[in-house]
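Engineer: Structure for this input, please:
(one chain, ligands or ions: 1)
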Amino acid sequence: MSVDSNPIPVLAVARLSPLYMSQLAAACELHVLPDLDAAALAAVAPRIRAVAASGDSKVPASLIDQLPALQVISVMGVGYDGVDVAAAKARGVVVTHTPDVLNDDVADLALGLMLSTARQLPAADRFVRGGQWLQGNMPLARKMSGARLGIVGMGRIGQAIAQRALAFNMTVAYTARSAKPELPHRYLPSAAALAEVSDFLVVITPGGAGTRHLINAEVLDALGRSSPGGGILVNVARGSVVDDAALIDALERGVIAGAGLDVFEDEPRVPERLRALPQVVLTPHVGSATQGTRQAMADLAFANLQLRLAGQPARTPVPECR
Ligand code: NAP
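Structural biologist: Next up, the predicted model:
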């Protein structure tokens, strides 16, 4: 990607996936923010035409303001809550992301966490490896098939989760900002109302200010009342959507039966009290982390960046920039 045979200067705000970075490095003049001191950034900033980011990157207004020639912020990820989209839009900078290509993987992981938590698969693995089986059988677990699933956020990934749950004969209900009459599932107006009628509550909304602590003590209490021993919470959205302190309290007091968590408020730091709980299954934000999907995400992020720099419409701008 070049103008008058000079490669276009691009700023990666973090050490991003090699699948994305290798494409950028081959086609652009790539600068990596963590490798630049303030003077080096100031020297290159006036020429930067594109910013590359991941779903958990921060692209604040203060950085956007430093880049007067910026045209596009291309996020490799569907969530873009770390990007100040309003500041970008005000400058005419297009923000793009990578929706749809990761739906299957994130939905697969949600079902995996539901099964792992209900059937205590990591504990069962430890039970065998640790030789405890020789002393007797494991305590009985919970059945998932036929149970009631509540989905908080019925967008692209929420619908992929619902589709899979039907194969487990689960009853699906959901909440979102708006009801979706075209879907065959029951809509409830709030997360608390949904939790009250759910054996499993799966969270799959965007992060950011609009959903911060949407899952709070009130919702967890409702999930606790939903079934004997309380329901199970699964979070594959963003750590910010769940109030970690309220969750730990609900787990320690036995209000809910367990939790399967892929994302955390202060990841990669995970509270010691959470890590100590046996009824919790933890994964390190790997919702979309398979080879094929990450390649598809990198390809789409790179295509968006290239198209915008070539003066063409990006393939998948975020809704605010459409
Ligand atoms: P999407 O299609 O935009 O769907 C988002 C859903 O959340 C929509 O149904 C929306 O409601 C709902 N929602 C938004 N704000 C809400 C609120 N305040 N209260 C209740 N519901 C609300 O997005 P998607 O592609 O499914 O992705 C969802 C999120 O998953 C991403 O933004 C990202 O944070 C997360 N994610 C995580 C991983 C991982 O690795 N764990 C991977 C990919 C994505 P409406 O339909 O009414 O607008």
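Engineer: Helix, strand, or coil at residue 26?
Structural biologist: Classification of residue 26 using DSSP: H, G, I helix; E, B strand; the rest coil returns helix.
Engineer: what's the burial count for it?
Structural biologist: Look at residue 26: counted by other CB atoms under 10 Å, it has 11 neighbours. Any C-beta I mention is one placed from the backbone N, CA and C, and that applies to glycine too.
Engineer: cool, and residue 312?
Structural biologist: 9.
Engineer: Wasn't it part of a strand?
Structural biologist: No: judged by three-state DSSP, residue 312 forms no part of a strand; its state is coil.
Engineer: quick one: contacts for it?
Structural biologist: With contact set as CB atoms under 8 Å, 6 or more residues apart in numbering, residue 312 has no partners.
Engineer: and the stretch 201-322 of the chain, which of its residues are near the ligand?
Structural biologist: 204-207, 210-211, 214, 236-238, 262-263, 285, 287-288 (CB under 6 Å from any ligand atom).
Engineer: If you check the chain against the ligand, which residue is the closest one?
Structural biologist: Per CB to the nearest ligand atom, residue 155 is where the chain lies closest to the ligand, at 1.7 Å.
Engineer: What about that residue, how many residues nearby?
Structural biologist: Residue 155, neighbours per other CB under 10 Å, totals 17.
Engineer: Next one: it from residue 29, what distance?
Structural biologist: Taking CB to CB, to the nearest Å as the measure, residue 155 and residue 29 are separated by 36 Å.
Engineer: Kindly report the same for residue 166.
Structural biologist: Distance, residue 166 to residue 29, by CB to CB: 49 Å.
Engineer: between those two, who's got more neighbours?
Structural biologist: Comparing residue 166 with residue 29 by neighbour count (other CB under 10 Å), the higher total belongs to residue 29, at 18 against 13.
Engineer: Could you pull up the residues touching the more buried one?
Structural biologist: 6-10.
Engineer: same deal with residue 223?
Structural biologist: By CB under 8 Å, 6+ apart, the neighbours of residue 223 are 195-196, 198, 201, 230-231, 233, 250, 255-256.
Engineer: ok, now with 10 Å
Structural biologist: Residue 223 sits next to 150, 191-192, 194-201, 215, 230-233, 250, 255-257, 259 when contact means CB atoms under 10 Å, 6 or more residues apart in numbering.
Engineer: Spatially central residue for this structure, please.
Structural biologist: Centroid-nearest residue in the chain: residue 237, 4.1 Å away (criterion: CA atoms, centre = their mean).
Engineer: Give me the phi and psi for the closest residue to it other than its chain neighbours.
Structural biologist: Counting by CB to CB, 6 or more residues apart in numbering, residue 203 is the residue found nearest to residue 237 once chain neighbours are left out, at 4.7 Å. The phi and psi values for residue 203, taken as degrees, to the nearest 10, are phi -100, psi 120.
Engineer: which SS class is residue 268?
Structural biologist: Here residue 268 takes the coil state, with states given by three-state DSSP.
Engineer: who are the neighbours in contact with the closest residue to it other than its chain neighbours?
Structural biologist: Counting by CB to CB, 6+ apart, residue 268 lies nearest to residue 284, which is 6.7 Å off, once chain neighbours are set aside. By CB under 10 Å, 6+ apart, the contact set of residue 284 is 262-264, 267-268, 270.
Engineer: Find the helix or strand that residue 78 is a member of.
Structural biologist: Assigned by DSSP states H and E, residue 78 belongs to no helix or strand.
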